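**Q** everything below, folded, please.
(2 chains)
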Amino acid sequence: MTRVVVVTSGKGGVGKTTTSASFASGLAMRGKKTAVIDFDIGLRNLDLILGCERRVVYDFINVIQGDAKLSQALVRDKRSENLSILAASQTKDKDALKEGGVKAVFDELRDMGFDYIVCDSPAGIETGALMALRFADEAIVVTNPEVSAVRDADRMLGIIDSKSLRAEQGLEPVKEHLVITRYVPKRANKGEMLGHADVQELLNIPILGVIPESEVVLECSNQGTPVILANGSPAARAYDDMVARFLGEDRPLKFLGAEGAPLWKRLFGG
Amino acid sequence: MKRRQVVIKGSSLPVLRIVVRDGDAGSLRTEVADTLANARPLLVEAIAVLDLREREASELAAREIVDAVRVAGVRLAAVLIGDRNEHKSLVDLDLPVIEAPLSARDRSSHSPSEEQAASNGSPANSIEPAAEAKTAHQADSQPAEPDLAPAYLTRPLRSGQRFYAQGRDAVVGAPTSRGSELIADGSIYAFSPIRGRVLAGASGNTSACIIASHLDAELVAVAGVYRTFEAGDLNALGSGPVSVALSLAADGSERLTLATLAGSPHMQRR
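**A** Residues are numbered from 1 along each chain as shown, chains lettered A, B, ... in the order given. Here you go, the predicted structure:
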């Protein structure tokens, strides 16, 4: 059974593409056959983050419009053979994204035996974002510990509840997960940013991961390496935990500030 | 026993009441048109009664007012008059005329209770027949027609979403977010945090109320009397359950009163 997972947020710049890249890579590293699709037509980025921009010949829109076969457009990741990337078009308009075309591509990916289709949504609530969530079985809502990002995430959850195919057909609702990125425990504890518990209370969906703010993220983007592969960095470990939780493992949330406390305090819950 | 094919039952339908007060003929006509034009969305599909009980003099014949209201596209069901009105001048109207004197409270507040207007105004149910209907109903020994069951909100109400309990109460079993709208024509009973807008008595029921276990609303309103809140405004009420209702001030105006359910009112509007 192929599962379609949309990575979305409403607000721009919160880390959707970074999260999509690490999440898809994480699934692939765990042996899941995964396709990750960039829905940000006209502003493609995912291929850069995954470091395959030079190998993109055909894109998602070429496939939808019948100019290329899906197998020609899918770019195999150079690190994991389980991961394939379908880049967005840099030149076409987002109106080229038609529901029937998207569905046909998904159906073909199902036939090809993919376990997961990860849809990297553009920001906003227009065609690209709506198409990205249209066929979703699960949604990863990415937000920052900041009120405007949380409000947009909330709005996006409402749209998933009303505009997804599952909602329209009255099927079991889209399973929603929360990922908080750019988290700085020290500032959250001082009340300078929202705490993860506040964000969760406001959005009322389970937390899949809290990714700490990290310099590694920028370096990885520029090098075209998914953050999850930045060995040893807290952000990489947090993404790894997130993927594990998504696949059903029970892992406690880390990097929430307790690590900085003295050992005895951690042991005895000070 | 053979089931009776004709049964008379008492009923109380929601109707809008268009109150026309004193004024000179020219300005009254434009005001009727303006007011109705502003209330357009409210009036679509609605049934209304024309309330002439607050008019002392009758410079403008009832006929003209009725015409002005009808021109504005309102479906009029009846005309309400008080004991002061001239019954004779209304004889030539092709509308039922209901005599319903204003009570002392109504007169001081200029706002008769909605139940009265509703039961009096429903076309098939003027005062005497209603009494008969009750008798017939009892004799028939059929179970009473239940009121509409409350609308039950079970999924979180997200930013940008609206939940409307039309003609009934709302019971809230899932949190509402900033930027959401929770509306009921009746009262609202919330067992989850309310963070968006919350409007009870949306079609004018001044006896509607809001009971909330955790009120952190941006705006509350009862029968159109509203109040907005800045962050922290509601802290004075503590974290416990809160009630919001209209109360009559000494000067005859209606105020929104917020109180903890333990008792004493803390905050008042106006």
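
**Q** so where's the stretch 1-150 of chain B uncertain?
**A** By pLDDT under 70, the weakly predicted segments of the stretch 1-150 of chain B are B:1-2, B:10-12, B:23-25, B:41-42, B:44, B:56-61, B:83-92, B:102-147.

**Q** okay, now stretch B:221-228: how far is its last residue from its first?
**A** End-to-end distance of stretch B:221-228 (CA to CA, to the nearest Å): 9 Å.

**Q** burial of A:Gln65, as a residue count?
**A** For A:Gln65, the count of nearby residues is 13 (other CB atoms under 10 Å in any protein chain shown). Quick note: C-beta positions are derived from backbone N, CA and C, even for glycine.

**Q** what about the residue nearest to it when sequence neighbours are not counted, distance to A:Ser164?
**A** Among residues not flanking A:Gln65 along the chain, A:Ala96 sits closest, at 6.6 Å (CB to CB, 6 or more residues apart in numbering or on different chains). Separation of A:Ala96 from A:Ser164 (CB to CB, to the nearest Å) stands at 21 Å.

**Q** out of those two, which sits in the busier spot?
**A** Per other CB under 10 Å, whichever of A:Ala96 and A:Ser164 has more neighbours is A:Ser164, with 22 against 17.

**Q** from what I can see the more buried one touches A:Val174, true?
**A** Yes. The pair formed by A:Ser164 and A:Val174 meets the contact definition of CB atoms under 8 Å, at 5.1 Å.

**Q** show me whatever sits in contact with both of the two.
**A** Here A:Ser164 and A:Val174 have A:133, A:136 as joint contacts, going by CB atoms under 8 Å, 6 or more residues apart in numbering or on different chains.

**Q** burial of B:Val71, as a residue count?
**A** Neighbour count of B:Val71, defined by other CB under 10 Å: 12.

**Q** go on, B:Ala174?
**A** Counted with other CB under 10 Å, residues neighbouring B:Ala174 total 16.

**Q** tell me who's in contact with it.
**A** Residues near B:Ala174 by CB under 8 Å, 6+ apart: A:204, B:153-157, B:192.

**Q** quick one: it from A:Ala235, how far?
**A** To A:Ala235, B:Ala174 is 33 Å away according to CB to CB.

**Q** same check, this time on A:Arg155
**A** According to CB to CB, A:Arg155 and A:Ala235 sit 26 Å apart.

**Q** again with B:Gly179
**A** Distance check for B:Gly179 against A:Ala235: by CB to CB, it reads 31 Å.

**Q** looking at those two now, which is surrounded by more residues?
**A** Shown here are B:Gly179 and A:Ala235; by other CB under 10 Å, A:Ala235 has more neighbours (24 against 19).

**Q** which strands or helices does whichever helix or strand the more buried one is part of pack on?
**A** Per DSSP states H and E: A:Ala235 is located in helix A:234-246. Secondary-structure packing of helix A:234-246 (3 or more CB pairs under 8 Å, 6 or more residues apart in numbering or on different chains; DSSP states H and E): helix A:16-29, strand A:207-212, helix A:215-223.

**Q** let's have those in CSV, adding distance to B:Leu93.
**A** Listed next are the helices and strands packed on helix A:234-246 as CSV, based on distance: least, CB to CB, whole Å:
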stretch, distance to B:Leu93
helix A:16-29, 64
strand A:207-212, 65
helix A:215-223, 75
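
**Q** winner for burial among those?
**A** Among these, helix A:16-29 has the highest mean neighbour count (mean count of other CB atoms under 10 Å in any protein chain shown), at a mean of 28.

**Q** and the next helix or strand after it, what does it pack against?
**A** With elements assigned by DSSP H and E, the helix or strand that comes after helix A:16-29 is strand A:34-38. For strand A:34-38, the elements it packs on are helix A:16-29, helix A:46-49, strand A:83-86, strand A:116-120, judged by 3+ CB pairs under 8 Å, 6+ apart.

**Q** given strand A:34-38, what are its sheet partners and their directions?
**A** Here strand A:34-38 has these sheet partners by DSSP bridges: strand A:83-86 (parallel), strand A:116-120 (parallel).

**Q** just say helix, strand or coil for the closest residue to chain B within the stretch 51-200 of chain A.
**A** Nearest to chain B, among the residues of the stretch 51-200 of chain A, is A:Gly158, at 2.9 Å (CB to the nearest CB). Of the three states, A:Gly158 takes helix under DSSP: H, G, I helix; E, B strand; the rest coil.

**Q** contacts for the helix holding A:Ala235?
**A** For helix A:234-246, using CB under 8 Å, 6+ apart, the contacting residues are A:19, A:22-23, A:26-27, A:30, A:140, A:177, A:179, A:208-212, A:214, A:216-217, A:226-230, A:251, A:253-255.

**Q** at 6 Å what do you get?
**A** Here helix A:234-246 makes contact (CB atoms under 6 Å, 6 or more residues apart in numbering or on different chains) with A:22, A:26, A:208-209, A:211-212, A:214, A:216-217, A:227-228, A:230, A:251, A:255.

**Q** around chain B, which positions in the stretch 51-200 of chain A sit nearby?
**A** Contact residues, the stretch 51-200 of chain A versus chain B (CB under 6 Å from any CB of the partner chain): A:151, A:154-155, A:157-158.

**Q** please redo it, this time with the cut-off set to 8 Å
**A** By CB under 8 Å from any CB of the partner chain, the residues of the stretch 51-200 of chain A that approach chain B are A:151-152, A:154-155, A:157-159, A:161-162, A:173.

**Q** beyond the lengthiest strand in chain A, next helix or strand please.
**A** The longest strand of chain A (DSSP state E) is strand A:175-183. Sequence order places helix A:185-189 as the next helix or strand after strand A:175-183, per DSSP H and E.

**Q** tell me which residues in that following helix are buried?
**A** Of the residues in helix A:185-189, A:185, A:188 count as buried by neighbour count, 16 or more other CB atoms under 10 Å in any protein chain shown.

**Q** equivalent analysis for stretch A:176-195, please.
**A** In stretch A:176-195, counting by 16+ other CB under 10 Å, buried: A:176-185, A:188, A:193-195.

**Q** can you redo those residues as CSV with pLDDT?
**A** CSV is the format used below for the buried residues of stretch A:176-195 (pLDDT from 0 to 100):
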residue, pLDDT
A:Glu176, 97
A:His177, 97
A:Leu178, 97
A:Val179, 97
A:Ile180, 97
A:Thr181, 96
A:Arg182, 95
A:Tyr183, 95
A:Val184, 93
A:Pro185, 91
A:Ala188, 90
A:Met193, 91
A:Leu194, 93
A:Gly195, 93
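
**Q** skip the chain neighbours and tell me the closest residue to the closest residue to chain A within the stretch 151-270 of chain B.
**A** Going by CB to the nearest CB, chain A is nearest to B:Arg158 of the stretch 151-270 of chain B, at 2.9 Å. Take B:Arg158 and drop its neighbours on the chain: the residue closest to it by CB to CB, 6+ apart is A:Gly158, 2.9 Å away.

**Q** show me what contacts the one you found?
**A** Contacts of A:Gly158 by CB under 8 Å, 6+ apart are B:157-161, B:180.

**Q** quick one: contacts for B:Val244?
**A** Contacts of B:Val244 (CB under 8 Å, 6+ apart): B:200, B:209-212, B:215, B:220, B:222, B:256-258.

**Q** buried set for whichever strand or helix holds it?
**A** Using DSSP H and E, B:Val244 maps to strand B:242-248. Within strand B:242-248, the residues that count as buried by 16+ other CB under 10 Å are B:242-246.

**Q** now pLDDT too, for those, in CSV please.
**A** What follows is these, written out as CSV (pLDDT from 0 to 100):
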residue, pLDDT
B:Val242, 93
B:Ser243, 94
B:Val244, 95
B:Ala245, 94
B:Leu246, 93
